[in-house]
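In: Dropping the sequence and predicted coords here.
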Amino acid sequence: MLERTVDARDVREWFDETYRRQGLSYLRPTEAYRVLVNILEPRPSERLLDVGCGPGHLLREAAAYHLVLAGVDLSPVAVELGMKLVPEADIREADATKLPFPDQSFDYVTCIGTLERIPDPERAILEQIRVAKPSARFCFLVRNADTLTWRILMEGLKLRNAVGHQGASGKDDWCRLFERCGLTVERILPDQWPLMWRERAMRRLGLSPSFTRLRRGLRPLRFAGEFIFLLRHG
């Protein structure tokens with residue numbers, strides 16, 4: 001687990017500058033977030049909160065399900081972008097450890113590529129549980145520290161972005177953290193974007209149908225660069 005030594009203000013400033021320079025292109029295309037909404041099996045008119053929503057990519061995909069949408073992000077630049085991309089969503093500038101919503105407000109909570117960026121991830125998870133209904137489902141995308149890329153490049157060669165609090169943990173460490181907070185793991189999958197990217201390239205050559213279901217991939221789960229966790233409270 002990455003040592004929690006970076007102040008949240010440093011993280012906010014790094015993301016502000018990144019979004020000013022790169023805008024929406026900093027992240028994956030919105031289609032990459034579709035499977036992260038699908039896994040929740042959302043029902044129309046229910047409420048979804050995206051913590052660390054950035055410029056609103058997941059919220060834009062979730063809008064197709066006719067949900068009541070909300071998002072928070074530490075970066076005011078990201079919030080401004082998100083309000084333009086998904087004007088129907090209630091997107092606010094907020095620290096993930098101090099969510100500006102009442103208890104038991106949401107049916108679904110997503111946190112995509114954000115927990116490892118938060119100096120106090122346990123506190124952030126407990127806040128998400130606070131604002132979630134007892135029957136809520138959670139979807140987290142988190143980085144795996146047990147890959148050769150992370151161990152050699154990020155840690156060994158010290159290429160990780162410390163100012164932006166680029167962190168990671170192994171699968172078992174993530175599981176222990178979630179369980180300690182009172183969440184039950186229902187399903188763990190590898191990040192789907194590398195598989196989607198490969199299929200998209202193959203489609204251009206007329207070699208593959210569209211990406212329509214969740215995939216396990218060919219490698220063992222422990223080698224995934226990032227994990228998708230589907231969780232529930234209790």
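Out: On my side now, so go ahead. This structure is a prediction, so every number in the text was calculated from the model and none was measured.

In: Run the chain-centre distance for stretch 39-56.
Out: Mean C-alpha position of stretch 39-56 versus that of the full chain (CA atoms, centre = their mean, to the nearest Å) differs by 11 Å.

In: A strand includes L231, no?
Out: Yes - using DSSP: H, G, I helix; E, B strand; the rest coil, the assignment for L231 is a strand.

In: for it, what are its contacts?
Out: Going by CB atoms under 8 Å, 6 or more residues apart in numbering, L231 touches 137-140, 178, 183-186. Quick note: C-beta positions are derived from backbone N, CA and C, even for glycine.

In: make it 10 Å
Out: L231 makes contacts with 109, 125, 128-129, 136-140, 175, 178-179, 181-188, as judged by CB atoms under 10 Å, 6 or more residues apart in numbering.

In: Sitting in helices, which of those do you find?
Out: 125, 128-129, 175, 178-179 (DSSP state H).

In: Turn these into a markdown table, columns for pLDDT, distance to Q192 and neighbour count.
Out: What follows is those, written out as a markdown table (pLDDT from 0 to 100; distance: CB to CB, whole Å; neighbours: other CB atoms under 10 Å):
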| residue | pLDDT | distance to Q192 | neighbour count |
| --- | --- | --- | --- |
| I125 | 98 | 22 | 26 |
| Q128 | 98 | 22 | 26 |
| I129 | 98 | 25 | 20 |
| C175 | 97 | 19 | 17 |
| F178 | 98 | 20 | 21 |
| E179 | 97 | 24 | 12 |
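
In: quick one: which of those is nearest to G54?
Out: Q128 (16.4 Å; CB to CB).

In: any idea of the mean pLDDT in the strand ranked longest in the chain?
Out: In terms of residue count, the longest strand belonging to the chain (DSSP state E) is strand 132-143. Over the span of strand 132-143, the pLDDT mean works out to 97.

In: Sketch out the low-pLDDT regions of this protein for me.
Out: Applying pLDDT under 70 to the chain flags residues 1-6, 154-165, 197-219.

In: Just give me the residue right at the centre of it.
Out: The chain has I112 as the residue nearest its centroid, 0.2 Å off, counting by CA atoms, centre = their mean.

In: Just read off the phi/psi values of that residue.
Out: Dihedral pair for I112: phi -110, psi 110, per degrees, to the nearest 10.

In: so what's F106 bridging to?
Out: Legend: beta-bridge partners of F106 under DSSP bridges are A132.

In: which non-adjacent residue is nearest the residue nearest to the centre of the chain?
Out: Once flanking residues are discounted, I112 sits nearest to L141: 4.4 Å by CB to CB, 6 or more residues apart in numbering.
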